[in-house]
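[1] Pasting a predicted model and its sequence here:
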Amino acid sequence: MTPKHLISGSKILKIAIFSPNATLVPHFPTELDIAQQHLDAGHAVEFFNCTGQLQNCDHNPDRLPDLCSDCVGRREMGLALLNPKVASNAFSEELSTEVPNDFESLKDLLAYKIHNFEIGFAAYSSLVSYCRDPEPNLIQHRQQLNRFLQSAGQTYYQTLNLLSRRSFDRVYAFNGRFAALRAVFRACQKTGVDCFLHERGCDLQHFDLFENELLHDIQSTEKVILEYWESAKDRPDRETIASSWFQDRVDRVEKVWHSFVKDQEPGRLPDTWDPNRKNIGIFCSSDDEFVAIGEAWKNEIYPDQVTAIRRISKDLYKSNPEIQIYLRVHPNLASVENERKTSMLSLQSPNLTIIAPDADIDTYQLMRSCEKVATFGSSVGSEAVYWGIPSVLLGPCLYQGLGGVYRTNSHEHTLDLLSTSLEPQEKTGALKYGFWFQTRGYPHQYYTPTGLFDGQFKGQTIYAQLPKLSPWARLKKNTRRILSSRARSEK
C-alpha cells in the first residue's frame with residue numbers, strides 16, 4: 001500500500017497545533033513531527049500551549065508544580081528543535097464565562113452543553129479516566145470534576161475566540177476524547193475550521209489522523225475502515241496483511257500498546273474445564289474509555305456489563321442448565337479497583353466460572369475452545385469471527401457494522417443466540433477490521449521510536465530544561481532563596 005502523505009497540494013497553509021501537554025510520548029513528538037513536515041512545505045505553524053494556566057490537566061490532575069515545570073521544560077526543548085522557529089502561545093488564565101458546577105445528577109451533567117459542545121460528557125470522560133471507574137462518585141470527586149468542567153469551558157471559549165479572530169486553515173490536537181481537547185475539536189466545528197485529531201497509528205513508526213471526526217465515532221470510523229479496504233482492492237496481499245494482525249495478537253506482539261495476554265500461560269484453560277459441556281465464553285471490556293463518549297455508545301439492552309452477565313447467567317441456567325459460561329474479565333482491569341469490577345468478580349451462579357483479570361488463563365485458547373463467544377465490543381469479538389468461531393455482540397463497538405457477528409436486539413434474543421447452535425459467519429468484515437489496524441496512519445519523518453513510550457525527535461531525546469527566567473523573575477527567586485536560607489539559620 002502506498003504510504004499516505006500528510007502534505008498534499010501547493011496551497012500555503014496556516015496551521016495551529018493545540019498542545020496542552022508535552023509529557024506524552026509519542027504524542028508530543030508526533031505534534032513536532034507534524035509541525036516540521038508542514039514547515040518543510042513552507043506552511044506557517046503556531047503552537048498553543050498550557051504553561052500552568054488551565055484549571056485542570058488530564059495528565060497532572062493534582063496540579064503538582066514539578067510535573068507542570070517538567071511539561072513546560074519539555075515543550076521548550078521540543079519547540080527549539082523545529083526549523084524555522086515557530087510561535088508559541090500560552091492559554092489565558094481568565095475564564096471567558098462561568099461554567100456551572102455541582103450538578104445534581106449524572107443525567108444533568110451529561111445533558112449539559114455549550115453550543116454544540118457536550119461539555120458534560122467531555123468532563124465526565126476525563127473524570128472516568130482519572131478514577132479508572134466507569135461510575136465514579138460525583139460527590140466524592142466533585143472538586144476534580146468541577147476543575148475538568150472549568151478547563152473544558154476555558155479551552156472552548158478561548159479556542160472559539162482565537163479561531164473567530166484569526167484565520168487558520170487547519171488545527172491539530174490529540175485524541176479529542178478528553179475535556180480540554182474535545183473543547184478544541186468542538187470549537188473548530190463551531191467556526192468551520194478543519195480539525196485533525198492525532199493518535200497512534202498501525203505501529204510505532206506511524207501516527208493516525210482523524211479529519212473532523214472523533215476516533216470513537218462509530219459511523220465515521222467504520223467509513224474509514226471500509227475506505228482502507230477498498231483502496232487496497234488490487235493488492236494480492238490484502239488478506240495476508242489483514243490476517244497478520246490477528247496472528248500478531250495471538251503471538252503477543254506489542255505494536256502500539258501493551259499486550260494484555262503476554263503474561264498468560266499459552267494453552268492453559270481453567271482447571272474446571274469440561275470439554276463435554278456446552279461452553280460459552282463471555283469476554284468483558286474495559287469500558288472506562290467508551291462510557292462517556294456519547295449517546296452512540298449507550299447500550300440499549302443492558303445498563304452495564306455486570307447487570308448483563310447476571311441476567312444472562314441466571315436466565316440461561318433456568319432454561320439451559322447444561323451450558324457453562326466462562327467469564328474472562330479484561331486483563332486491563334488487573335490493577336484497577338472500583339465497584340463495578342468488585343461486583344463482576346462477586347457474581348455467582350452454578351453455570352458461571354469467573355476468570356480474574358490477572359489469571360494466567362490463555363484468552364485465545366479459551367476463545368478457540370468455546371462453542372461460541374459473546375462480547376460487549378472487545379476486539380475478541382472480531383478476532384473470533386476471523387478464527388471461525390460464532391461471535392455474539394452484546395453492545396456497540398467500532399466493528400458492529402462490518403458484518404460477521406450476531407448482533408443481539410433484546411435480552412430474549414441474547415438468550416436465543418447463546419442457547420442455540422450457530423454457524424461461524426463469513427469473515428470478510430473481520431479482515432477489513434484487521435487490515436485497517438495493520439496499515440492505518442502516516443509515517444513519522446523526524447520522530448524515531450525506541451519503545452511504546454520512548455523515542456527521539458531529530459535524534460534527540462526530549463527532556464525538561466530549566467525554564468528561562470526574566471531578570472525580575474530571577475530576582476524574586478533569589479530573594480526567596482536568601483530569605484529561606486536566613487530563616488533556617490535563625491531557627
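    Good, I have the coordinates. Numbers count the residues shown, from 1 in each chain.

[2] buried stuff in stretch 302-320?
    Buried positions in stretch 302-320, judged by neighbour count with 16 or more other CB atoms under 10 Å: 302, 304, 305, 306, 308, 309, 310, 312, 313, 315, 316, 317. (Each C-beta comes from the backbone N, C-alpha and C, glycine too.)

[3] Turn those into JSON lines, columns for distance to residue 265, secondary structure and pLDDT.
    Written out in JSON lines, the entries for the buried residues of stretch 302-320 read as follows (distance: CB to CB, whole Å; DSSP: H, G, I helix; E, B strand; the rest coil; pLDDT from 0 to 100):
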{"residue": "302", "distance to residue 265": "31", "secondary structure": "coil", "pLDDT": "96"}
{"residue": "304", "distance to residue 265": "30", "secondary structure": "coil", "pLDDT": "94"}
{"residue": "305", "distance to residue 265": "25", "secondary structure": "helix", "pLDDT": "96"}
{"residue": "306", "distance to residue 265": "27", "secondary structure": "helix", "pLDDT": "96"}
{"residue": "308", "distance to residue 265": "28", "secondary structure": "helix", "pLDDT": "97"}
{"residue": "309", "distance to residue 265": "25", "secondary structure": "helix", "pLDDT": "98"}
{"residue": "310", "distance to residue 265": "29", "secondary structure": "helix", "pLDDT": "98"}
{"residue": "312", "distance to residue 265": "28", "secondary structure": "helix", "pLDDT": "98"}
{"residue": "313", "distance to residue 265": "26", "secondary structure": "helix", "pLDDT": "98"}
{"residue": "315", "distance to residue 265": "33", "secondary structure": "helix", "pLDDT": "98"}
{"residue": "316", "distance to residue 265": "28", "secondary structure": "helix", "pLDDT": "98"}
{"residue": "317", "distance to residue 265": "29", "secondary structure": "helix", "pLDDT": "98"}
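
[4] Grab the two from those that are most spread out in space.
    Spatially, the most separated pair among these is 304 and 317, at 20.4 Å (CB to CB).

[5] For residue 99, state which of the buried residues of stretch 302-320 is nearest.
    Within those, proximity to residue 99 (CB to CB) peaks at residue 304, which comes in at 28.3 Å.

[6] The closest one against residue 340, yeah?
    Yes: under the criterion of CB atoms under 8 Å, residue 304 lies in contact with residue 340, with a separation of 6.7 Å.

[7] Could you tell me which residues touch both of the two?
    Listed as contacting both residue 304 and residue 340 by CB atoms under 8 Å, 6 or more residues apart in numbering are 134, 135.

[8] how about the spatially closest residue to residue 308 that is not a sequence neighbour, what does it touch?
    Across the structure, with CB to CB, 6 or more residues apart in numbering as the measure, the residue nearest residue 308 apart from its sequence neighbours is residue 302 (3.6 Å). Residues in contact with residue 302, defined by CB under 8 Å, 6+ apart, are 308, 311, 394, 395, 411.

[9] Now for the third one, how many residues are close by?
    Neighbour count for residue 394, taken as other CB atoms under 10 Å: 28.

[10] same thing with the last one?
    Around residue 411 there are 15 other residues, counting by other CB under 10 Å.

[11] So it is in contact with residue 303, correct?
    No: checked against CB under 8 Å, the pair residue 411 and residue 303 is beyond contact range at 11.6 Å.

[12] re the thing from before, go through the buried residues of stretch 302-320 and say which is closest to residue 236.
    Proximity of these to residue 236 was ranked by CB to CB; the top entry is residue 305 with 41.0 Å.
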